[in-house]
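K.L.:
predicted model and sequence follow; I will ask about them next.
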Amino acid sequence: MKAGFRIKKRYWMAILVLIILGWFGYKAAHASHQSNEGTKFVIGVSQANLTEPWRVAMNNEIKSESDRYKDLHVIYTDAAHSIDKQKQDINKLLDFGIDLLIISTNDSKSLTPIIAKVHKKIPVIVLGRAIDGYDYSLFIGPANEVIGRNAGQLVADLAGDKKVNLVEIQGLSQSPPVIERSKGFKEIIENHPNIHQVDTIVADWNRDKAEDEVIKRLKKNRKINFVFAHSDAMALGVHRALEKKGIQGFNIIGVDGLEGDDGGLDLVRRNILKGTFAYRTGGKESIQYAMDLLQGKSGIPKKILLRVNKITKDNVDQYVQTKQNTLNISKQQKNRIELGFVQVGKESSWRAANSSSIKKAAQDFGIELKFKNANQSMNNQIKAIRNFIRERVDIIAFSPIVQTGYEDVLKEAKMAGIPVILTDRELSLKDDTLWLTSIGSDFQEEGRRAARWLLEQTKGVKKNINIVELQGTPGASPTVYRKKGFEELLRNHSNYHIIASQSGDFTKEAGRSVMKDYLEKYGEEIQVVYAHNDDMALGAIEAIEEYGKRPGKDILIISVDATKEAFNALFAGKLNLTVECNPMLGPELMKVIMDYTEGKEIPVKIVTEEGIFSQENAKRDFINRAY
């Protein structure tokens, strides 16, 4: 018996050794990217969990799109809601020899350090949930504040003048999508005094938890009549709770808009949801951009915000049936696409670089460009757009001078079937279907980055730090959001004070004039200047020198744009920091136009890659500057 046992033991040990050797052989084959099937690239997908239907749909999209590439192998991991396991999964994928990582996480804060570490080795695409900072190759996700605002508006529209008691069902506590959706939602409902938010439930994106928590709340408050759930799965949990209690007449709104049984679209059709907000998971786009990154293609953006569609019973079937239209260009009539572009003006060196980039890219892509300069006049812009509509160009692009006032002319373009693309700046209009997409910077993040640097440089200083601000053109989106982002980070630091804030209209002359007035009024009290662009900062530097102080030493100077003139000021020690706002938008604009003509899904916003430059790193990065 003992001899037989030893033989069996040796037999199983031999089998185990063969399995281990086979595993390492498989691992080595993929690490060297030389499989029998001719694998050229290996992508690792690290998923936070596969219990959320939205994440399952994301993985399905990734698989469907990756199957189109014969030389691509994709490895999937599931962290099963565990941050520690997701960290382990990432390390295992790296050991496996992946060429690119796609990661979707629940807890971006905990995973930011390891993502930054991976990004130093290989490209990283962050999918769905944003992380802090810019240490990744590309972020693809929804415009969560827009989702929140749209949900708030739908509640307001459904409620009318009636009194509403509302409960908000949130996903994972303090996760970026929850914070942003909730923020956008509150922005709207706070303007409607008849809407009272009586409770907030954290259900961790889980249908069953949402159901259980709502049942608990109904025991205490049966007067609730509206629910905004941050996902359709949680919204379904709310419906089941109400069904168990025999309660009818509720208005439930969800988010996701997925296909399939009990998906958001199905729930809207069955009148379980009054509405949902549908957007792509980004799975398909993540593979498309991954291949671009792996193949070394240029013009890859930093962030892509996916389009959000409001779905109600009135339009659910139309939404499903409608596919994105392509430009209706007859090749027999036209040899190439006609683009009508309206520039803001010539207010700065940044704008000159932007214009040059657009003109060169149009030539490179074989697009016929009709270029008009509005010379800082909104009326001139609107007139030029109307002329392009009359000329029946194929597509119109422009950089809005201010955020409002363009609605009528954009409606005219829409009626004419001419898509409009916004570049550099954005619009604040109720109907966001009036433009196809916007391409440019994250102005709010630029403001945050300026504030982060200031907080780091002045860490430990307990005395008051007085800041004067040079704003851009009043009402322009860079002005609004650079100010908002800067103030957002300083809000929790009581010794930082913006003692004066005035427009310098993005020009050097106005910046110099405003700074001169600041110095006459506040003099020795000023420790920091925050200018919304380099030109105003350069004007402020001249005023400070005329006043007898040393810019960059006696007064810290922070600006935005990162033009060559700003780098010269950094080299001279007169400017302390410039946050990049990339003007080279031409290639990305032309790529979007070409994608649109081919019928590809176009995101609602495309954000360019940008850096920050201080006196310490300016010389190292200057040699690679294109503007």
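P.N.:
Everything's here; your move. Numbering: from 1, shown residues only.

K.L.:
what ranges do the strands span in the stretch 301-450 of the chain?
P.N.:
Assigned by DSSP state E, counting those that start in this stretch, the stretch 301-450 of the chain shows strands spanning 303-306, 309-311, 338-343, 368-373, 395-398, 420-423, 437-440.

K.L.:
check those for me and report the most buried one.
P.N.:
strand 395-398 (a mean of 26; mean count of other Cβ atoms under 10 Å). The C-beta positions use only the backbone N, C-alpha and C, and glycine is treated the same way.

K.L.:
and it, how far from the chain's centre?
P.N.:
22 Å (Cα atoms, centre = their mean, to the nearest Å).

K.L.:
sheet partners, orientation included, of it?
P.N.:
Next to strand 395-398 in the sheet, as set by DSSP bridges, lie strand 338-343 (parallel), strand 420-423 (parallel).

K.L.:
any idea how this structure splits into domains?
P.N.:
1-31, 32-141, 144-278, 338-441+584-612, 443-581 (automatic domain parsing).

K.L.:
including distance to Ser286, could those go into CSV?
P.N.:
Below are the domains of the chain laid out as CSV (distance: least, Cβ to Cβ, whole Å):
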stretch, distance to Ser286
domain 1-31, 20
domain 32-141, 5
domain 144-278, 17
domain 338-441+584-612, 12
domain 443-581, 21
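
K.L.:
and these: which comes nearest Gln318?
P.N.:
For Gln318, the closest of the domains of the chain is domain 144-278, at 11.5 Å, according to Cβ to Cβ.

K.L.:
ok, Ser477 to Asn387 distance?
P.N.:
24 Å (Cβ to Cβ, to the nearest Å).

K.L.:
returning to what we had before: wait, which of the strands paired with strand 395-398 is closest to Arg392?
P.N.:
Nearest of these (Cβ to Cβ): strand 338-343, 8.2 Å.

K.L.:
how about the helices of the stretch 301-450 of the chain, start to end?
P.N.:
Taking DSSP state H, counting those that start in this stretch to define them, one finds helices in the stretch 301-450 of the chain at 316-321, 349-365, 378-390, 407-415, 443-457.

K.L.:
can you tell which of the strands paired with strand 395-398 is closest to Ala562?
P.N.:
Across those, closest to Ala562 is strand 420-423 (Cβ to Cβ), at 17.9 Å.

K.L.:
what mean pLDDT does the closest one have?
P.N.:
Mean pLDDT, strand 420-423: 96.

K.L.:
repeat that for stretch 493-511.
P.N.:
On average, stretch 493-511 scores 95.

K.L.:
sorry, back to before: how about the helices of the stretch 301-450 of the chain, which one is nearest Ser64?
P.N.:
Once these are compared by Cβ to Cβ, helix 316-321 is nearest, at 17.5 Å.

K.L.:
contacts for the closest one?
P.N.:
Contacts to helix 316-321, defined as Cβ atoms under 8 Å, 6 or more residues apart in numbering, come from residues 257, 259, 265, 268-269, 278, 309, 311.

K.L.:
these: which two are farthest apart?
P.N.:
So, the contacts of helix 316-321 by Cβ to Cβ: farthest apart are Arg269 and Asn309, at 15.1 Å.

K.L.:
how about stretch 98-109: buried residues?
P.N.:
Across stretch 98-109, burial judged by 16 or more other Cβ atoms under 10 Å covers 98-108.

K.L.:
next one: it to chain centre, how far?
P.N.:
For stretch 98-109, the distance to the chain centre is 16 Å (Cα atoms, centre = their mean).

K.L.:
begin at 21 from here
P.N.:
Done: numbering now begins at 21, and the last item shifts to stretch 118-129.

K.L.:
what is the rounded mean pLDDT of that stretch?
P.N.:
90.
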